[in-house]
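1. sequence-free structure coming up:
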């Protein structure tokens, strides 16, 4: 009896699924799955345990920058300097250890502080002097590049680096790259911050409607400021991770992160919490970019195709969001 | 054959059936009023007729021919023009340039200014609009005149069908008469006019025909002469309106919660007023009288130039809304979409944004505490929402307004001794929700709060206020107890019709 009744009972209990809403909400996730499956079909090696871990390791640095940028965009600001700020931190951490012979700890702290310092500078320019963050961070990006060249003379920095430092980008814990664990930890902290703390909720409220947030008693300047500091700080952390992974620092090595992180955040705004920069969405965006990058490599696509595809994704993500009125520019 | 016919229109949005098999017929030379509560489906029907939205089912016929509109531009090509509530003027351009925007007379791409001004003048003349300077920068015009410019632009193409969505919201009495004269002239030429309005007095003045929508259905339609004005509200609401005549409360003997002395700021000069515990103070004035500027300056959202603010007798300097809230001074702003709501966030997030400090010990948000507070407010204010997690944009106007207000109830465990400044608290919400808001406001005062209600709605003013202050052109021109006023005398002060009585009633 039970067996006979089960199908009917189950069908009755099925909640009415609003497919249109479901597709709109998880379309980006479905696209990620589709791309993944497509590469799997094209190249069987794509879905090996080793390559999957490799993808995760490749995107771990981007995830850290994009997560920080998510907080900034959630507060209603843009940060177009994350790439150059990451490059600067990457150069600083290497230079301090190799050229100034500082300890790993000192180098790490100074590098991270450089990112936070740029964020603080932008915070001031944006909230006190009311320069739009778009402009402040484009200008600041050039300043960061200048500081970078002034410090390292435009050269790469090679040399002996402590094992503890190399562990950040090259180490493994139980077969999993430490960078992946670090990135997941950072994303978790960012997620908890935005969703579970008062400050995080205020960041989101400020980004949703600064006027209403201010009239609700929120010090909106403080949270816009905080958003910019977060994106600068996590950009610097990503720069450190990149240098550690490569074992050397390239003067403009992390510059492309600006565009990739923006693409990831905007892709993220089309899913999970639509119209809002959110960490889970950004993770989907980061994985999408990672899968496409890695997949194109595996199937032997020419290197320049990656640039085209990534640029196309940024534009497409924003196009999608603007069409559905989830993002509004100016 | 009807001029315009909407037949069996169905439109469903996620979770809401906005229009449920609606038929609507507009004849030539007819002014057809479309009335109903917010959320009854008026705007949806207007959007479908204007080609902004497509119906799920049913069709539109113009002079018997089916119309397939996929864009707002299509509608105007067929001679259907819509004047929206929002202004669509271009800043820094003159009245003439705005009116003829896109069809400027030109040779080889160079605009012929003389011809432009001449054509604009002719158009305004034909519309019977005489007191509009065609060379004025539209930005420097008052809201009413801006609206006239907007209307003139819509009517420049000699349309067949005109749709006016709440056209009188920002017009003075004189400007409204002007508009009505213009509409009557178009009607004489055989144009059909759809007139969407909350103001029944205007409907009965201008309309020939009325259609009443409720919950997406036509509940009644017919010639206006077949209706009595007092019967229509019942049809709109679907039940008897709760009578909200409040007794006059003399609270002037109670403690003074807020005292403002000689306050000056942008848009208001030398303003003084007092608010006592337990009273509702009405702040009247036309749009642009300086009421919003005053209220927003009191809570530190705008700058105060000079003057004193005393809260419970103590002078306070309030520079930010935060400081105001700490001093028990709360503003529920006008224009809820622009200043009140966190768009794209949900009901819970909107209701709890001001009470987060009470529910985040150590900075960590207590989800359960927030949920409890929010659902408590939803119950207390009767907010209609599918769930606490519903996007705020999906609520009707009245429910949105309740959310904007409710976040302050959530943040004030005890309203006694607090001062609530409400700026147009029932703007653009339906009759039923308006009566509910009135009850909520009276209850606040009864619980010992001091309430200031800035409103352009005279009925609201007379129902709610115990004492009345009237502002005109940034100055406080008159104040007194409600029983000393009638709607007519308030209106006279608002419009400056009686210069001699200025400050006669001052307390």
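-> Cool, the structure landed. Just so you know, these numbers come straight off a predicted model, no measurement behind them.
2. Residues of chain B that sit close to chain A?
-> B:14, B:299, B:301, B:320-322, B:324-325, B:331, B:333, B:338-345, B:349, B:353-354, B:356-357, B:360, B:363-365, B:367, B:407, B:411 (Cβ under 8 Å from any Cβ of the partner chain). Every residue, glycine included, has its C-beta placed from N, CA and C.
3. If we use 7 Å, what do you get?
-> B:14, B:301, B:321-322, B:325, B:331, B:333, B:338-345, B:353-354, B:356-357, B:360, B:363-365, B:407 (Cβ under 7 Å from any Cβ of the partner chain).
4. and these, which of them are in helices?
-> Among these, the ones falling in helices (DSSP state H) are B:321, B:322, B:325, B:407.
5. so the last one makes contact with residue B:351?
-> Yes - Residue B:407 lies in contact with residue B:351 (Cβ atoms under 7 Å); the separation is 5.2 Å.
6. and the residues of chain B next to chain A, which are buried?
-> Neighbour counting with 16 or more other Cβ atoms under 10 Å in any protein chain shown marks B:301, B:321-322, B:325, B:331, B:333, B:339-345, B:353-354, B:356, B:360, B:365, B:407 as buried within the residues of chain B next to chain A.
7. Next step: those residues restricted to strands.
-> residue B:331 (DSSP state E).
8. Pull out the buried residues from stretch B:29-45.
-> Residues of stretch B:29-45 classed as buried by neighbour count (16+ other Cβ under 10 Å): B:30-45.
9. That one spans what distance, first to last residue?
-> The first residue of stretch B:29-45 is 20 Å away from its last residue (Cα to Cα, to the nearest Å).
10. Also stretch B:327-347?
-> One end of stretch B:327-347 sits 26 Å from the other (Cα to Cα).
11. Residue B:482 and residue B:470 touch, don't they?
-> No - using Cβ under 7 Å, residue B:482 is not in contact with residue B:470, being 11.9 Å away.
12. More neighbours: these two, which one.
-> residue B:470 (28 against 21; other Cβ atoms under 10 Å in any protein chain shown).
13. before we move on, which element is that one in?
-> Assigned by DSSP states H and E, residue B:470 falls within strand B:467-472.
14. Run the chain-centre distance for that strand.
-> From the chain centre to the centre of strand B:467-472 is a distance of 19 Å (Cα atoms, centre = their mean, to the nearest Å).
15. Show me what secondary structure element comes after it.
-> With DSSP H and E, the next secondary element past strand B:467-472 is strand B:475-481.
16. And that next one, what does it pack against?
-> strand B:268-276, strand B:467-472 (3 or more Cβ pairs under 7 Å, 6 or more residues apart in numbering or on different chains; DSSP states H and E).
17. doesn't residue B:377 make contact with residue B:409?
-> Yes - when contacts are counted by Cβ under 7 Å, residue B:409 is listed as touching residue B:377 (5.7 Å).
18. Identify each buried residue in stretch B:283-296, please.
-> By neighbour count on 16+ other Cβ under 10 Å, the buried set for stretch B:283-296 is B:283-286, B:288-296.
19. ends of it, how far apart?
-> For stretch B:283-296, the first-to-last residue distance is 13 Å (Cα to Cα).
20. now what about that stretch, what contacts it?
-> With Cβ atoms under 7 Å, 6 or more residues apart in numbering or on different chains as the test, stretch B:283-296 has contacts from B:142-143, B:170, B:172, B:265-268, B:271, B:302, B:331, B:334, B:421, B:423, B:452-456, B:461, B:468-474, B:490, B:494-495.
21. Tell me the first helix or strand C-terminal of the helix or strand bottoming out on mean pLDDT in chain A.
-> The weakest-scoring helix or strand in chain A, judged by mean pLDDT, DSSP states H and E, is helix A:2-13 (a mean of 42). Remark: after helix A:2-13, the chain's next helix or strand is helix A:19-42, criterion DSSP H and E.
22. Tell me if the next helix or strand after that following helix is near chain B.
-> Next in sequence after helix A:19-42, counting helices and strands by DSSP H and E, comes helix A:49-74. No - Helix A:49-74 lies out of reach of chain B by Cβ under 7 Å from any Cβ, never closer than 11.2 Å.
23. Which other helices and strands does helix A:49-74 contact?
-> helix A:82-98, strand A:176-177, helix A:178-196, helix A:198-208, helix A:220-246, helix A:257-268, helix A:279-298.
24. For the third one, give the mean pLDDT please.
-> Over the span of helix A:178-196, the pLDDT mean works out to 96.
25. That helix relative to helix A:279-298, how many degrees between them?
-> Angle of helix A:178-196 versus helix A:279-298, following axes from the mean of the first three to the mean of the last three Cα atoms, to 10 degrees, is 150 degrees.
26. what residues does the stretch 201-330 of chain A put near chain B?
-> Counting by Cβ under 7 Å from any Cβ, the stretch 201-330 of chain A sits next to chain B at A:201, A:205, A:208-209, A:211-217, A:219, A:275-276.
27. let's see 6 Å
-> A:201, A:205, A:208, A:209, A:211, A:212, A:214, A:215, A:216, A:217, A:275 (Cβ under 6 Å from any Cβ of the partner chain).
28. Now the buried members of these.
-> Buried, going by 16+ other Cβ under 10 Å: A:201, A:205, A:208, A:209, A:212, A:214, A:215, A:216, A:217, A:275, out of those.
29. Which pair of those residues spans the longest distance?
-> Across these, the longest distance by Cβ to Cβ is 23.9 Å; it joins A:217 and A:275.
30. Run through the stretch 201-330 of chain A and note the low-pLDDT ranges.
-> Applying pLDDT under 70 to the stretch 201-330 of chain A flags residues A:325-330.
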